[in-house]
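Peer 1: let me see the structure of the following:
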Amino acid sequence: MTIEQIERFIDNEQDCFSKVFLKARTVEGIFIKAPDFFELKKKNFWRIVSVNRIQEYQNSKDINLSRIFNGQEFTKLSSKG
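Peer 2: Next up, the predicted model:
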């Protein structure tokens with residue numbers, strides 16, 4: 001997916017659980033805007049905290065709990081509500 005498509009989705013679904021369909025698997029979590037957000041966005045990379053680490057992330061705000069994914073591997077994005 002393109003940077004613009006992903007950014008539009010993030011702006012519309014801010015702080016919502018998302019389902020990210022990758023070419024090889026599916027990831028559920030939330031997109032986060034860490035201090036390196038704009039630098040990563042330029043290269044079509046995105047930080048996602050998976051559902052099993054969200055509680056810990058909300059308590060600590062530790063960006064090391066996130067993983068960085070390449071937007072070119074995204075095939076579909078959907079909101080989980």
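Peer 1: just the pLDDT at the closest residue to G71 other than its chain neighbours, thanks.
Peer 2: Among residues not flanking G71 along the chain, N44 sits closest, at 3.8 Å (Cβ to Cβ, 6 or more residues apart in numbering). Just so you know, the C-beta spots here come from the backbone N, C-alpha and C atoms, and that holds for glycine as well. With respect to pLDDT, N44 scores 97.
Peer 1: wait, N44 sits on E4?
Peer 2: No - applying Cβ atoms under 8 Å, one finds N44 not in contact with E4, separated by 10.1 Å.
Peer 1: which stretches in the protein count as helices?
Peer 2: 3-12, 37-42, 54-60 (DSSP state H).
Peer 1: how about the first one, which residues are buried there?
Peer 2: Put plainly, it is helix 3-12. Neighbour counts over helix 3-12 (16 or more other Cβ atoms under 10 Å) mark 6-7, 9-10 as buried.
Peer 1: elements contacting it?
Peer 2: On a contact count with 3 or more Cβ pairs under 8 Å, 6 or more residues apart in numbering; DSSP states H and E, helix 3-12 meets helix 37-42, strand 74-79.
Peer 1: can you give me every residue that contacts the residue nearest to R47 when sequence neighbours are not counted?
Peer 2: Residue nearest to R47 in three dimensions, not counting chain neighbours: S66, with 4.2 Å by Cβ to Cβ, 6+ apart. Contacts for S66 (Cβ atoms under 8 Å, 6 or more residues apart in numbering) come out as 32, 34, 47-49, 53, 57.
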